[in-house]
Structure formats: structure tokens, C-alpha cells
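**Student:** here you go, sequence then predicted model.
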Amino acid sequence: MKILLISSSPRKEKSQTFLLAKEVLKGCGGKNAECKIVHLRDLKIDFCRHCESCHRKILLCPVKDDAHVVIQKMLEADGIILASPNYINQVTGSMKTLFDRASHFIHCRRLLDKYIAAVVTSGGGQDLEVLEYIKYYAHTCAAQYSGGVSSCAYKVSDKLEEARRLGKRLAANIEEKKVFTEQMKIIEAGKEHFKKIIQLRKNDWKEEYNYWRQKGWL
């Protein structure tokens, strides 16, 4: 079992977000768990240019930076913990930029059969919108959402046990290949939506079109 924690706090290990996320990672722990941590603050990830290169030739990107490293780790993981401070009711800019650079994940449902968990902290503790956004992102990439944990930054110590329980749930979902029926309905609806787009753009996005054919989705 491979678990990837992506933390977008600019304060890295000193952040309350990472403190809470580490407890989720602990909950995933066990002899079968291989855990990796990525701090986006350490990496150079530039904005998407909307050139569509990654759709014409899968994951080919003219922007030469560290995005491809994180994207590859996401593809290799069974479970992904997305941890972000709440910046004006949204994930941080660095995490959103990573999402934008992996738009191929959405077109080709590349996180199918993977599970995502969310960790959010803020000064006021009003984090539902951010948790819901991460859940939405999971579904757009065809991943199932194992749940989230959030906290006021000054009360993180009160949420550590809840975070560990989330980690255990994430690991259990992976091991059991848990199917969330209602989530899969959303994921399948998204697949039908992009099926039409892929067929419409088959001459422009040849590799993505062939990927769909190889999967037997067309």
C-alpha cells in the first residue's frame, strides 16, 4: 500500500496543517504501508499554459519544472492525503496550481481506484468549503473520497485522534477496495461527460482518445 501526503503549507513542518496531516499518516501506518511526503513549498511548479500538450501526448508538458515529479507520485500511490491551509475558503495557490497542471487526470480518470483524504486548518476553523472542494477534486479525477479532518489552527491538539481515525479509514478503504456507491454515481456521470468530449476532440487529443479505447470506455 502506497500513501502519498501532499502538503501545501508554506510553513512546511512548522505548520499546524502538517501537524494534523502527520497524524492521518500515522493512522495509515503499518508494515504494509509505504508513506511518502511532498511539501509543495520545496518545489517549483509553474502555472498551466493551457497549451493542451498533455492531452495531445499524455502528460507531455513544455513547462520544465517539478510538477511531473508530483504527478508521477500521485499515479503510483494507492491513497493520497491532500493537506492545505484554508486561504479565503480555498486550497492554497500552490495546490491549485498542481491540480491545474494535472488536467489530464480529469480527462482520463487517472485516479480511478485510488482514495483521497483531506486535511484543512485555518484561523477560524470554518473549513467545510475547502473540504468539499477537495472532495470535488477527487471525484473529477475519478478517485473516491475517504473523508476529511479540519481544525482551527489553535486547537489542532483536539483533533489528533480524529486525524488518526481518518488515516485508519483511508488504509482500510484501500485494503478492502471499498466502493462508495453514491460517489461512484458521481464519478460515472463525470466519465459520461468526458466521453463525449474525448470523442469530439479525438483528432486533436489522439493519445487521450487511444487511452479511452484501450480502457474499453469507447
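**Tutor:** Perfect, thanks for sending it.
**Student:** which helices and strands sit right next to the helix or strand encompassing Ala118?
**Tutor:** Ala118 is part of strand 115-122 when elements are defined by DSSP states H and E. Strand 115-122 makes packing contacts with helix 16-28, strand 79-85, helix 128-140, strand 144-152, helix 160-176 when contacts are defined by 3 or more CB pairs under 8 Å, 6 or more residues apart in numbering; DSSP states H and E. Where you see a C-beta, it was placed from the backbone N, CA and C, and this is true even at glycine.
**Student:** of those, which is nearest Ala189?
**Tutor:** Among those, helix 128-140 comes nearest to Ala189, with 9.2 Å by CB to CB.
**Student:** ok now the closest one, how far from the chain's centre?
**Tutor:** Counting by CA atoms, centre = their mean, to the nearest Å, helix 128-140 is centred 9 Å from the centre of its parent chain.
**Student:** buried set for that helix?
**Tutor:** With burial defined by 16 or more other CB atoms under 10 Å, the residues of helix 128-140 counted as buried are Val130, Leu131, Tyr133, Ile134, Lys135, Tyr137, Ala138, His139, Thr140.
**Student:** count the residues that sit near the nearest residue to the fifth one once chain neighbours are set aside.
**Tutor:** In space, not counting the residues next to it along the chain, Lys135 is nearest to Tyr145; the distance is 4.5 Å by CB to CB, 6 or more residues apart in numbering. The burial metric for Tyr145, expressed as a neighbour count using other CB atoms under 10 Å, is 22.
**Student:** partner residues bridging Tyr145?
**Tutor:** Ile116 (DSSP bridges).
**Student:** residue contacts, it?
**Tutor:** Neighbour list for Tyr145: Tyr115, Ile116, Ala117, Ala118, Ile134, Lys135, Ala138, His139, Phe180, Gln183 [criterion: CB atoms under 8 Å, 6 or more residues apart in numbering].
**Student:** closest to Arg165 out of those residues?
**Tutor:** Closest to Arg165, out of all of the contacts of Tyr145 and judged by CB to CB, is Ala117, at 10.9 Å.
**Student:** which residues touch the closest one?
**Tutor:** Ala117 neighbours (CB under 8 Å, 6+ apart): 24, 79-82, 145-149, 166-167, 169-170.
**Student:** quick one, the strand holding Ala118 and helix 160-176 angle?
**Tutor:** 160 degrees (axes from the mean of the first three to the mean of the last three CA atoms, to 10 degrees).
**Student:** bridging residues for the closest residue to Ser7 other than its chain neighbours?
**Tutor:** Spatially, and ignoring its direct neighbours in sequence, Ser7 is nearest to Ala83 (4.5 Å; CB to CB, 6+ apart). Under DSSP bridges, the beta-bridge partners of Ala83 are Ser7, Val119.
**Student:** longest single helix anywhere in this structure?
**Tutor:** helix 181-200 (DSSP state H).
**Student:** show me the contact partners of that one.
**Tutor:** Contacts for helix 181-200 (CB under 8 Å, 6+ apart): 106-107, 109, 112, 139-140, 142, 144-145, 205, 208-209, 212, 217-218.
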